[in-house]
Each structure stands twice: as structure tokens, then as C-alpha cells.
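Colleague: turn this into a model:
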Amino acid sequence: MFNQFEDFQKLGKDNVDAAVKSFGTATKTVQALATETADYSKKAFEHSSAVVEKLVGAKSLDKAIEIQTAYVKEAYEGYVAYASKVGELVTVIAKDAAKPYESMLAKATSAAK
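Modeller: Okay, here's the model as predicted:
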């Protein structure tokens, strides 16, 4: 009976350790995600501000359309790059958060056999 209690206690400790590791890893990646989002937002704002200045200085409708077309293309490309980076970071969060539990699952599976 005492061995079962020790086993149960060790399992509880292992669960807490895995949760702490998972949370720590996820926190670091979420910070990277927040930094990436802040950087993208800053660049997007600066880019749109520069385009507004160019539009104000445009001498003709054709030039304004050219500036706007270039802006839309660059904004789209920037967003696609940002979305790809965010997708990669979210994948990293999921994988890293699951790693501590993988060893526990392997132990449980081997113990059940």
C-alpha cells in the first residue's frame, strides 16, 4: 500500500513538473509572438504613414493610383509574411507545450503493457 502511495505521489510530482515546463516554454514562445506582432504593427503603421505622405504629394491621378497600387501589393506581401511567421510560432507553441507530456505518455504506455 505504501508503494502505491509513493507511486501516486511521484505521478503527481511528474504532472506538476510537466505542466511547469510546458507553461515555461509556451510563455517564451508567446512572448516571441507578441514581439513579432508589435514589430509588424509598427512597420505597417510606418509604411501606411509614408504612403499617405506620398499620396498627398502626388501631382496626378495616375501617380496616386500607382502609389496606392504599390502600397496594396507591399501591404499584402508584408501581411502574408507576418501570417506565415505567426503560423510557425503557433506550431512551435503547440509542439513545445506537448513535449513534457510525451515522456509521461511513453512511460504510462510502457507501464500498461
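
Colleague: residue closest to the middle of this structure?
Modeller: Central residue of the chain (Cα atoms, centre = their mean): Leu89, 3.3 Å from the mean position.

Colleague: tell me which element that one falls in.
Modeller: Using DSSP states H and E, Leu89 maps to helix 61-112.

Colleague: so how far is Ala50 from Val90?
Modeller: 30 Å (Cβ to Cβ, to the nearest Å). Yep, even glycine has a C-beta here, placed from its N, CA and C like the rest.

Colleague: relative to helix 61-112, how tilted is the longest helix seen in the chain?
Modeller: As assigned by DSSP state H, the longest helix anywhere in the chain is helix 2-57. Orientation note: helix 2-57 sits at an angle of 180 degrees relative to helix 61-112 (axes from the mean of the first three to the mean of the last three Cα atoms, to 10 degrees).
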